[in-house]
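> A predicted structure for the sequence below; I have some questions about it.
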Amino acid sequence: MNRFFVFLFALSFPLTAAAQGDCYHPLYNKGLSEFNAGRWDNAILKWKGAKDCPDKPANNDLDSRIRKAEKSKSDEVAERMRRKEAAAAERKRQAEIDRQQRETASAVERNRAADKADDDAWDIIKDSRDTTVFRRYMEKYPNGRHAVAAQKRITELSGDTKSTKNTTTSIVPSTSPLRAGDVADDGLVFVKGGTFTMGPASEHKEKKLKKSENNDPIPTRHVTLSDFYIGKYEVTQKQWREIMGSNPSFTKNCENCPVDNIDWDDIQGFLRKINTANPGKNYRLPTEAEWEYAARGGSLSKGYTYSGSNSIGDVAWNPSSKSKTYSIGSKKANELGLYDMSGNAWEWCNDAYGRYPSQAETNPKGPIADRYDYRVLRGGEGSRTTDRRKNKAKDGDPGLGFRLARSY
């Protein structure tokens, strides 16, 4: 009997060892493999399983390895969070850089546009003999690029070093041997300077409140002009094509019709080219005051409502035929021999559009252009000599044309 129990005891010993081998060693070694592969959660599970195996020898190494795996996991999570935060911070930094670059580019563009507006305003008034326009420039551009020059012109024209009075320079009487209405070799008509009442006058028999087509009250004022030249006719499609190489006109197949469908900026390109081809002429658009004075007949004016007659049919085409233009010079001329100033195309003037002042002025250039850059239109669709419209300088529409002018 004793031998039988000894035999059973001997058989039980390898079973315990087998259990130990099947549980402890494989889990321990698998934990090492998972740890070395960086899979901390799997390593912790294996080692905890090995630690919980029955009948294994005590081994404190498992506890330290579990702590090490848990720390490695914590460090990895922390590193992952650090990298994520660093990436977010980098994205935010780059977004801020992009925003600053956009703002800088926008500021540069705004400054460029402001400088251009400043330069354009100065180009319009720089040759004026009227202190008013320079004072307006100083009000709008107190720190402008040409503020020093404007202040110098005010001082020169007013004779007042403090520039405290708004004076109007008197005009030198014309000494030209030419007579009003004489035609120069380039086809422009000589207009002898003088003083006239600009704006709706009593001969137009209007209501007391006089307004333009754009509903702006129009005061009358005394304006004095120097001698100048203005086109006998509007610039034709043929003339435009010869200079610009194209014909944008709305009215087709009529080379003797006024060029139309052009904007104020297009005309500046035409002027640059024609002046390059004709040095010394310095062609330009007429000022609004010059245009009205010439349309009224200048020094030969008979006070007609329309340019050359009190009957619209004598001097203009049917005002209901909007946008359509007709061959130039087909109607009656005015007192100076100018055609179509009450209706063929509406004609661009050089001036920016605005309410002009009621006080007397000499050779006015009009207000300084605002950011919308509206320009004056005169003389279309059977209009009276005082009617005016406005259009944005960059908006060319059917029925909008022009005629040339130049200083004497």
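Everything's here; your move.

> From Pro364, how far off is Ser299?
From Ser299 across to Pro364, the span is 18 Å (Cβ to Cβ, to the nearest Å). Where you see a C-beta, it was placed from the backbone N, CA and C, and this is true even at glycine.

> swap in Arg91?
58 Å.

> now swap in Gln101 and tell me
For Gln101, the distance to Pro364 equals 44 Å [Cβ to Cβ].

> And for Ser307?
Ser307 sits 20 Å away from Pro364, going by Cβ to Cβ.

> following the lengthiest strand in the chain, which helix or strand comes up?
Looking across the chain with DSSP state E, the single longest strand is strand 346-352. Later in the chain than strand 346-352, the nearest helix or strand by DSSP states H and E is strand 361-362.

> give me phi/psi at the nearest residue in space to Asp186 that is not next to it in sequence?
In space, and not counting its chain neighbours, Asp186 is closest to Lys281: 6.8 Å by Cβ to Cβ, 6 or more residues apart in numbering. Main-chain dihedrals, Lys281, degrees, to the nearest 10: phi -80, psi -40.

> can you check the one 10 residues further on too?
The phi and psi torsions at Trp291 (degrees, to the nearest 10) take the values phi -60, psi -50.

> Report the rounded mean pLDDT for stretch 109-123.
Stretch 109-123 comes out with an average pLDDT of 81.

> Flag every buried residue along it.
Buried residues in stretch 109-123, counted by 16 or more other Cβ atoms under 10 Å: 117-118, 121-122.

> Is it possible to get a markdown table of those residues that adds secondary structure and distance to Gly396?
Shown next, in a markdown table, are these (DSSP: H, G, I helix; E, B strand; the rest coil; distance: Cβ to Cβ, whole Å):
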| residue | secondary structure | distance to Gly396 |
| --- | --- | --- |
| Ala117 | helix | 20 |
| Asp118 | helix | 25 |
| Ala121 | helix | 22 |
| Trp122 | helix | 25 |
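
> What is the nearest of those residues to Arg384?
Nearest to Arg384 among the buried residues of stretch 109-123: Ala121, at 29.7 Å, using Cβ to Cβ.

> Okay, helices next: where are they in this structure?
Taking DSSP state H, the helices of the chain run over residues 2-36, 40-51, 61-125, 131-140, 147-158, 237-244, 264-277, 288-296, 312-315.

> Quick test: name the residue nearest the centre of the protein.
Ala113 (6.9 Å; Cα atoms, centre = their mean).

> List the buried residues of stretch 70-90.
By neighbour count on 16+ other Cβ under 10 Å, the buried set for stretch 70-90 is Lys73.

> Just the mean pLDDT for it, thanks.
Per-residue scores along stretch 70-90 average to 82.

> pLDDT below threshold where in this structure?
Residue ranges of the chain with pLDDT under 70: 1-24, 54-60, 159-176, 201-218, 318-322, 371.

> quick check: domain ranges of it?
Following automatic domain parsing, the chain resolves into domains at 1-116, 126-169, 175-407.

> Could you give the separation of the shortest one from the chain centroid?
The chain centroid and the centroid of domain 126-169 are separated by 27 Å, computed with Cα atoms, centre = their mean, to the nearest Å.

> Apart from its neighbours in sequence, what residue is nearest Thr385?
Closest to Thr385 by Cβ to Cβ, 6+ apart is Ala295, at 4.3 Å.

> more neighbours, Ser299 and Pro364?
Neighbours of Ser299 and Pro364, each counted by other Cβ atoms under 10 Å, are more numerous for Pro364; the result is 25 against 18.

> what about the closest residue to the more buried one other than its chain neighbours, how many residues close to it?
For Pro364, ignoring the flanking residues on the chain, the nearest one in space by Cβ to Cβ, 6+ apart is Ala289 at 5.2 Å. As a burial measure, Ala289 scores 23 neighbours (other Cβ under 10 Å).

> how close does Ala289 sit to Ala107?
As judged by Cβ to Cβ, Ala289 and Ala107 stand 38 Å apart.

> ok, Thr385 - contacts?
The neighbours of Thr385, taking Cβ atoms under 8 Å, 6 or more residues apart in numbering as the test, are 292, 295-296, 304-307, 341-342.

> what sits against Ser309?
With contact taken as Cβ under 8 Å, 6+ apart, Ser309 is in contact with 315, 332, 334.

> still on that earlier bit, ok, the buried residues of stretch 109-123 vs Lys140, which is closest?
For the buried residues of stretch 109-123, the residue nearest Lys140 by Cβ to Cβ is Ala121; the value is 7.2 Å.

> Could you find the closest non-adjacent residue to that closest one?
Counting by Cβ to Cβ, 6+ apart, Ile368 is the residue found nearest to Ala121 once chain neighbours are left out, at 4.4 Å.

> ok, the one you found - contacts?
Contact analysis of Ile368 by Cβ under 8 Å, 6+ apart lists 121, 124-125, 133, 136-137, 140, 352.

> Would you show me how to pick out the buried ones of those in ChimeraX?
Only the buried members of these end up in this ChimeraX selection, burial being decided by 16+ other Cβ under 10 Å:
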select :121,124,125,133,136,137,352
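
> and the contacts of Ile368 as TSV, adding distance to Leu62?
Shown next, in TSV, are the contacts of Ile368 (distance: Cβ to Cβ, whole Å):
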residue	distance to Leu62
Ala121	88
Ile124	92
Ile125	94
Val133	96
Arg136	92
Tyr137	90
Lys140	86
Ala352	91
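
> among the domains of the chain, which is the most enclosed?
Comparing the domains of the chain by mean neighbour count (mean count of other Cβ atoms under 10 Å), domain 175-407 comes out on top with a mean of 19.

> Output the longest strand of the chain as PDB, nothing but the C-alphas.
Provided in PDB are the C-alpha atoms of strand 346-352 (Å, rounded to 0.1, in the frame of the first residue of the first chain):
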ATOM      1  CA  TRP A 346     -23.700 111.500 -74.500                       C
ATOM      2  CA  GLU A 347     -20.200 112.900 -74.100                       C
ATOM      3  CA  TRP A 348     -17.700 112.200 -71.300                       C
ATOM      4  CA  CYS A 349     -16.200 115.300 -69.700                       C
ATOM      5  CA  ASN A 350     -13.000 115.300 -67.700                       C
ATOM      6  CA  ASP A 351     -14.600 116.300 -64.400                       C
ATOM      7  CA  ALA A 352     -15.500 114.000 -61.600                       C
END
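
> who does that strand touch, helix- and strand-wise?
Secondary-structure packing of strand 346-352 (3 or more Cβ pairs under 8 Å, 6 or more residues apart in numbering; DSSP states H and E): helix 61-125, helix 288-296, strand 374-378, strand 400-401.
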